[in-house]
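Q: Okay, here's the prediction I keep looking at, along with the sequence it came from:
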Amino acid sequence: MTHEETKARELLAGIYERHQHKVFVSPSWLATEAMQILDPSHRSHPIEYTMAHLQFRQLARSVCSGRWERERPGETTEQHDLFPVLQKRYPRAGRSSEQEPEYVLLEHMSGADVRFNVGRLRKEAVGKMRHADALEAWGASRPQAAA
């Protein structure tokens with residue numbers, strides 16, 4: 001990871017820390033705040049600004065889910081001690097695919113939020129299994145399949 005990438009992650013993590021107590025957080029909000037800090041006069045070329053914002057949104061999604069936090073040894077919360085694979089936040093139910101997702105704290109998830117995310121995770125798992133099966137079949141079908 002380059003020095004610039006590290007600084008970008010640190011900036012985004014600092015912004016998230018200021019908002020982590022909120023029940024709902026949008027990766028887009030976090031990305032916009034980062035861009036306001038980096039380019040307050042909005043002098044970047046529109047394409048550069050858009051690409052940077054998209055990258056910050058992607059990073060913000062991993063921040064919201066708590067993936068960065070689980071990577072820090074020894075840092076856990078009470079909720080995660082009982083269910084260590086759970087994220088700190090999940091996407092909120094009821095948003096259209098065109099809308100930027102909002103992430104809701106695990107302990108504030110509604111039944112609809114839980115059902116939405118269980119369905120989303122199972123759909124991803126089915127897709128991964130199909131992909132694995134197809135790759136396995138392709139590998140087995142080669143004339144000299146590598147051992």
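A: Thanks, I have the structure now.
Q: Domains in this protein, by residue range?
A: What automatic domain parsing lists as the domains of the chain is 3-108, 110-147.
Q: Which of those has the highest mean neighbour count?
A: domain 3-108 (a mean of 15; mean count of other C-beta atoms under 10 Å). Every C-beta, even on glycine, is put in place using the N, C-alpha and C of the backbone.
Q: ok so, going back, among the domains of the chain, which gets the worst mean confidence?
A: Note on the domains of the chain: lowest mean pLDDT is at domain 3-108, with a mean of 84.
Q: Can you check the distance spanned by that domain, start to finish?
A: 36 Å (C-alpha to C-alpha, to the nearest Å).
Q: so how far is the lengthiest helix in the chain off the chain centroid?
A: Secondary structure of the chain per DSSP state H: the longest helix is helix 111-141. Centre-to-centre, helix 111-141 and its host chain are 18 Å apart (C-alpha atoms, centre = their mean, to the nearest Å).
Q: Next up, the contacts around Glu5.
A: Counting by C-beta atoms under 8 Å, 6 or more residues apart in numbering, Glu5 makes contact with nothing.
Q: Which strand or helix spans it?
A: Per DSSP states H and E: Glu5 is located in helix 3-19.
Q: What distance do you get for the nearest residue in space to Ala60 that is not next to it in sequence to Gly127?
A: The shortest distance from Ala60 to any non-neighbouring residue, by C-beta to C-beta, 6 or more residues apart in numbering, is to Pro27 (3.5 Å). According to C-beta to C-beta, to the nearest Å, Pro27 and Gly127 sit 22 Å apart.
Q: Check Glu102 too.
A: 24 Å.
Q: Next: Ala140.
A: Computed as C-beta to C-beta, the Ala140 to Gly127 distance reads 21 Å.
Q: what are the phi and psi values for the residue nearest to His19 when sequence neighbours are not counted?
A: Once flanking residues are discounted, His19 sits nearest to Val25: 5.4 Å by C-beta to C-beta, 6+ apart. Main-chain torsions, Val25, degrees, to the nearest 10: phi -140, psi 140.
Q: One more: His45?
A: Dihedral angles of His45 (phi, psi; degrees, to the nearest 10) stand at phi -60, psi 140.
Q: Same question for Phe24.
A: phi -110, psi 130.
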